[in-house]
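# Sequence and predicted model, in that order:
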Amino acid sequence: MENCCATVCPCVCSPVICKPFIGPKDPACYCGMRGCCEGFVNCFLLPYVSGRNCGGCGKWCVVDYIGGPINRTCDCICGFDSRSPDRPSSVESAKGVVVLTIRPVKDVAAYKAAYSTYAQSTQNGNPGVRAMFSFAKCDSSPPAAYDDAKAAAYLEDAKASKTILQVAWYDSPEILAGIAKDDAVEACYDEITPDTPDVWGAAFGNRSDVTRAALGESAVKYEFGSMPRGFMKSAPHQGFSNSLSPGPPMIWMSKRWVQSGKNPAIASAFGKAGDLQYHTAPAFLSGFEYSAEDNPDQLWSLRYFNDYEMGHVAHFPKTLLSWVPTRVLFTMIPLLKGGLGAEFPVGLSFSTKEDIAKAIAYNGGNAAYDQYYWENVIGPLPDMGKGMPAATEATPMVPGGAPSAVMER
């Protein structure tokens, strides 16, 4: 049941049937009509199901009373509510750990110098560290959704900020636990008290006792929450390939609101969408969420794309020839507070300017993220394909979520 697209209806998103229409960087199955498909979704489907036209009937009728119930009924009949935990797209299959840390420093310039050296040495010297980078809040740009007054206020606050952000991808909890601290970096950190603002810690992927113990040594309190869902791929999955996905990646991390009391429902819906996206979006390396500890109506979220087309676009292809859009629109989006314009107490995008601009044009809800551009990164760029075997590097990317020679199922 892992690849629901090909299992339920082989002609929908099937790499075999649709192969004549799929190029090496062609996400999903548009059957040569990508412009028409995207035009229909942009001009009619999205406005209709979000209630922006036809008197709002698409929202309350199609989503609430037709699309949602049909999906949930099919899930029950097809056994999708009791899927095997051994499937590659399950939480239990996650081996790696992605860590987000937000905290203050005493001096931003001194921190940049110390952390750059430390991160470069750590990532280059350890094959299991695929990303270890940082940004300073003062180098960020405001969400594109802000008007001029809000953007000016954001920039003024950011300019005076001594807050820094760190993101790391470790191939296992043991690798995380084995990373030595750096005295020069530690000396840069400012004191954290219960009243210190803008201090956050989040962990995605394999949140084992080893992970919790390693992060428990920090002055930052990391949230582990409850109801983890989604997936995290591991190398040598083809989505990590530097030749197929030269990068740098686009990474979104957020703490977002859900409709009151709907965290259990969105946990189930997100897991089922992830079962599809794991296979149909090869360079979507991780889609992971968990319910927040401090608020029952919030969740932490990770979207890690190693390629714009085969990661970001393929995780939500604008075509009715994929099960992904209707499942996301009918079962997930209605449970988010704000719907397609979900509200983010914490919203972070790490990307090139070009990629986030394209992502916002693709979906206006992506304008809610604070923007951090790779040109301002502290430390090395992520190297997701390090150590990949040559045979995998040369394998063409296909929408089955694995090398074409050995399909992962």
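Thanks, I have it. Since this is a predicted model, take the numbers as computed values, not measurements. Numbering: from 1, shown residues only.
# How many neighbouring residues does Ala314 have?
When neighbours are counted by other C-beta atoms under 10 Å, Ala314 registers 29. (Each C-beta comes from the backbone N, C-alpha and C, glycine too.)
# Go ahead and confirm Asp370 touches Ala144.
No: proximity of Asp370 to Ala144 does not meet the contact threshold set by C-beta atoms under 8 Å, at 10.1 Å.
# more neighbours, the two?
Each of Asp370 and Ala144 has its neighbours counted (other C-beta under 10 Å); Asp370 has more, 21 against 17.
# Check the gap between the more buried one and Glu289 for me.
With distances taken as C-beta to C-beta, to the nearest Å, Asp370 is found 19 Å from Glu289.
# do Tyr30 as well
Distance of Tyr30 to Glu289, computed by C-beta to C-beta: 28 Å.
# got a list of what the closest residue to Cys188 other than its chain neighbours touches?
Excluding its sequence neighbours, the residue lying closest to Cys188 (C-beta to C-beta, 6 or more residues apart in numbering) is Tyr111, at 4.1 Å. By C-beta atoms under 8 Å, 6 or more residues apart in numbering, the contact list for Tyr111 reads Val105, Ala136, Ile164, Val185, Cys188, Ile378.
# Okay, and Tyr111 sits in which element?
Assessed by DSSP states H and E, Tyr111 sits inside helix 108-125.
# Now do the same contact list for Leu299.
By C-beta under 8 Å, 6+ apart, Leu299 lies in contact with Gly225, Lys255, Arg256, Val258, Asn263, Ile266, Glu289, Tyr290, Ser291, Ala292.
# Give the helix, strand or coil label for it.
When classified by DSSP: H, G, I helix; E, B strand; the rest coil, Leu299 comes out as strand.
# Report the beta-bridge partners for it.
Beta-bridge partners recorded for Leu299 (DSSP bridges): Arg256, Ser291.
# What are the buried residues along stretch 222-234?
Tyr222, Glu223, Phe224, Gly225, Met227, Pro228, Arg229, Gly230, Phe231, Met232, Lys233, Ser234 (16 or more other C-beta atoms under 10 Å).
# pretty sure the third one contacts Ser291?
Right, the one you point to is Phe224. No: when contacts are counted by C-beta under 8 Å, Phe224 is not listed as touching Ser291 (10.1 Å).
# pLDDT weak spots in the protein?
Residue ranges of the chain with pLDDT under 70: 1-28, 51-63, 65, 339-343, 390-409.
# Go again with 90.
Along the chain, segments meeting pLDDT under 90 span 1-86, 242-247, 280, 319-327, 329-345, 365, 388-409.
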